[in-house]
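> turn this into a model:
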Amino acid sequence: MCGIRALYLSALIAPLLAASAAACAQMTPPASGRAIYTCTDATGKRLTSDRPIAECLAREQRILNADGSVRRVVPPTLTAAERAEAEARDVEAAAERVAKQDTIRRDRSLMARYPNEAAHRRARDIALDIVRSSMRSSEARIKVLTAERKPLLDETQFYAGKQVPAKLKSQIDGNDAALAAQRTLMQDQETELARIESLFDAELARLKKLWAGAPPGSLDTPSAPASIAAANPSAKPVNR
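Down below sits the predicted model:
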């Protein structure tokens, strides 16, 4: 009777043991697939583990295959401050790339607009002539206003010791304001003339290097506009 019971229990338990063994086999990866983490900590000690190594979270870790070959490299885990710094570096690098591309574009545009020094000289003359023409108009207007002022002042002599009539005073005040405005305009025009000369000088110095073979974008980023189009909107590219 005992023998029969033992056989019965054995037959009942055997399938359960087999199922349990199969489940364990599925949960345990084959030795060849196991990853080995290795790194060197801050003290220079080499550490190895079957999972990410806490002491090396801020350092590079290598994941090795069972045969010792490198499966992949895990970069350091950055802190919030380090991530912010890395992002700032990325933004700065992106801005530098954009500035570089912009400089290349401006240099190419500059060379297309001015293929030689003669073309650049003509553009300079046009830009300067526009301002000089305005200056001549201002000078002529000042002469007219000055001529108009003389009889007004002469008329005030008739009112020596008396109050000048409101109309005459208004005419003199208007003449004074117009003269002051024209003189201010003349000063602005002289400043603009000097600005244009300076811009063209800087532009010509850059162009000479580009004409000599310097690749577009290889020179320092110009502090002044790379084109005098702002000073001379009517300027057009010169045909080669």
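
> assign the spatially most central residue of the chain to helix, strand or coil.
Nearest residue to the geometric centre of the chain (CA atoms, centre = their mean): Ala95, 3.9 Å. Recorded secondary structure, Ala95: helix (DSSP: H, G, I helix; E, B strand; the rest coil).

> please enumerate the strands of the protein.
In the chain, the strands defined using DSSP state E lie at 36-40, 46-49, 61-64, 70-74.

> CSV for the ones you listed, including mean pLDDT, distance to Asp90 and mean neighbour count?
(Glycine included, C-beta is placed from N, CA and C.) Shown next, in CSV, are the strands of the chain (pLDDT from 0 to 100; distance: least, CB to CB, whole Å; neighbours: other CB atoms under 10 Å):
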stretch, mean pLDDT, distance to Asp90, mean neighbour count
strand 36-40, 92, 25, 17
strand 46-49, 92, 31, 12
strand 61-64, 93, 23, 17
strand 70-74, 91, 20, 11
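
> would a markdown table of these with distance to Glu155 be doable?
Formatted as a markdown table, those follow (distance: least, CB to CB, whole Å):
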| stretch | distance to Glu155 |
| --- | --- |
| strand 36-40 | 99 |
| strand 46-49 | 103 |
| strand 61-64 | 97 |
| strand 70-74 | 95 |
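
> about what we covered before: and the pLDDT at the residue nearest to the centre of the chain?
With respect to pLDDT, Ala95 scores 93.

> gap between it and Asp102?
Counting by CB to CB, to the nearest Å, the gap from Ala95 to Asp102 is 10 Å.

> same thing with Lys208?
For Lys208 relative to Asp102 (CB to CB), the value is 21 Å.

> now Arg51
In terms of CB to CB, Arg51 sits 49 Å off from Asp102.

> also Gln189?
31 Å.

> count the neighbours of Ser138 for me.
19 (other CB atoms under 10 Å).

> which residues does it contact?
Gln182, Leu185, Met186, Gln189 (CB atoms under 8 Å, 6 or more residues apart in numbering).

> Gln189: neighbour count?
Gln189 has 19 nearby residues by other CB under 10 Å.

> what are the boundaries of the helices in this structure?
For the chain, the helices defined by DSSP state H occupy 2-27, 80-113, 117-156, 166-211.

> can I get these in TSV including distance to Thr221?
Formatted as TSV, the helices of the chain follow (distance: least, CB to CB, whole Å):
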stretch	distance to Thr221
helix 2-27	62
helix 80-113	5
helix 117-156	20
helix 166-211	10
